[in-house]
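Engineer: sequence and predicted structure below; questions after.
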Amino acid sequence: DTLIRHFRPTVISCDIEGAEQDLFDGLDLSGVRAIVLETHPKVYGAKARDTLLQTLQSKGLGAHPQPIPSTVYVLERSPDWPPKHPRTLLATCMKDEGPFILEWLAWHKAIGITDIVVFSNDCTDGTDALLDQLDARGDLTHLPNPASHFGSGYYQPSALNYVQTMPVFRAADFMLSIDVDEFVNIRTPEGTLESLLSRVPPFDVLSISELNHGCNDQIQFKPGWVTEQFPKHSSPRPGRWRAKVGVKSLTRLSDRIEKVRNHRPDLAVPPDDAVWLNGSGKRVTSLAEDPTENGLDSRGARDLVSLEHFALRSIDSFLVKAWRGDVVIKGKQVSNAYFRRRNRDSHHEIDLSKGQAMARSVYAEFENDVELMALHKACIEAHQARIDTLYADPAYRKRRAEIVAIAAEQQAPPPAKGTDGDTQNN
């Protein structure tokens, strides 16, 4: 550190036969624009090499792509990275999600999302009125889904196509498409989008692996925050048969991107030229190489950010979702198999407390708006009224009993180790 302060180098060339492993820890490299580094994984292992490269990434020095694997890395500081006060656009579709909107909105405003556009259609629970009030306050932009106007049943694709014609899209640095049951959980100490960007190299796309939260043995709907009511989730270290999960992608908007889609963008550059990262800041190639791919191997892919997916909530709320239908494509329904696949909640390891604390400060501002909270309360009452109405239908009660039975079956220990692919040792 004394040498760095005295000589103030701008370029460092380093080949010291393994002693580089901990050399850069704690050093102020803010004046260094490039490092040529010979690594020695045979001395300290591949994991330690990756930690070394991540340490340098966290100091703003990202490794150049390596078309041919090598132990020599060229790391360079991008003059405009990490971006200061980036504008990040979040686009989503909603239908009858009223009770859950304010928590979700507070969470994402707290982590640093600057612009939110919500498209709604055919709401019956007051979602549209609540969104109109949030629009009037300046918290988001609420628009009718263009698919409804044109008689199309493709709600989400239509909305995403439309948002990319809007001025807010042209002004944004990044874009993300997620649903109201998905929470971007940034796992840095600061918990913010800017802190995430400071720990990864410049990228075109950063794909975030989902982590499903089951119903947590909750049958009846209870008002409250979903991140507090449903903390248990599927294994963050699944076996290989369950390792591949869906992603949502933070896309850096530039002429290198052709189009943003729900799970990932289409590239305007050859796959080999794209910088595509996972939620641990590591390079991945499969999504760039296959434009039809929407998932990743989640093992070791959530060190910096994960996508907490509360697809079910309580069993009663899940069945309201089934009654409502899909917000992506008209007429598409969620099935019992959908519930079974996502109701895996034998783990409670992911910490949501940082995001919750940050969101509480934003939520407190909402609570000061009497009209907004009255609309929120009306949505909760409408949600419960829908549950009560559905319960009067024998077909609903039959399906509810089926879902309750599935949930009870899933709580029973598997007949043999590894049956559900969620063993701790994988």
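Structural biologist: Structure received.

Engineer: residues near residue 196, how many?
Structural biologist: Using other Cβ atoms under 10 Å, the number of residues around residue 196 comes to 24. In short, each C-beta sits where N, CA and C put it, glycine included.

Engineer: pretty sure it sits in a helix.
Structural biologist: Yes - with DSSP: H, G, I helix; E, B strand; the rest coil as the criterion, residue 196 is part of a helix.

Engineer: list the contacts of it.
Structural biologist: By Cβ atoms under 8 Å, 6 or more residues apart in numbering, residue 196 lies in contact with 186, 188, 304, 305.

Engineer: quick one: low-confidence ranges for this structure?
Structural biologist: Under the criterion of pLDDT under 70, the regions of the chain flagged as low confidence span 326-332, 413-426.

Engineer: which parts of the stretch 201-350 of the chain are helices?
Structural biologist: Counting by DSSP state H, counting those that start in this stretch, residue ranges of the helices within the stretch 201-350 of the chain are 226-229, 286-289, 315-324, 336-342.

Engineer: the contacts of residue 196 in strands, which ones?
Structural biologist: Assigned to strands by DSSP state E, the following of the contacts of residue 196 qualify: 186, 305.

Engineer: can I get the contacts of residue 196 in TSV including distance to residue 80 and neighbour count?
Structural biologist: As requested, the contacts of residue 196 are arranged in TSV below (distance: Cβ to Cβ, whole Å; neighbours: other Cβ atoms under 10 Å):
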residue	distance to residue 80	neighbour count
186	21	24
188	20	18
304	20	23
305	21	27
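
Engineer: with distance to residue 165 added, can I get the contacts of residue 196 in CSV?
Structural biologist: Compiled in CSV, the contacts of residue 196 are given as follows (distance: Cβ to Cβ, whole Å):
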residue, distance to residue 165
186, 29
188, 34
304, 32
305, 28
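
Engineer: of all the helices of the stretch 201-350 of the chain, which one is nearest residue 131?
Structural biologist: In terms of Cβ to Cβ, the element of these nearest to residue 131 is helix 315-324, at 15.9 Å.

Engineer: before we move on, back to that, make JSON lines out of the helices of the stretch 201-350 of the chain and add distance to residue 368.
Structural biologist: Written out in JSON lines, the entries for these read as follows (distance: least, Cβ to Cβ, whole Å):
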{"stretch": "helix 226-229", "distance to residue 368": "21"}
{"stretch": "helix 286-289", "distance to residue 368": "42"}
{"stretch": "helix 315-324", "distance to residue 368": "27"}
{"stretch": "helix 336-342", "distance to residue 368": "36"}
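
Engineer: which one of those helices lies closest to residue 236?
Structural biologist: Closest of the helices of the stretch 201-350 of the chain to residue 236 is helix 336-342, at 15.1 Å (criterion: Cβ to Cβ).

Engineer: mind listing what's buried along the closest one?
Structural biologist: By neighbour count on 16 or more other Cβ atoms under 10 Å, the buried set for helix 336-342 is 339, 342.
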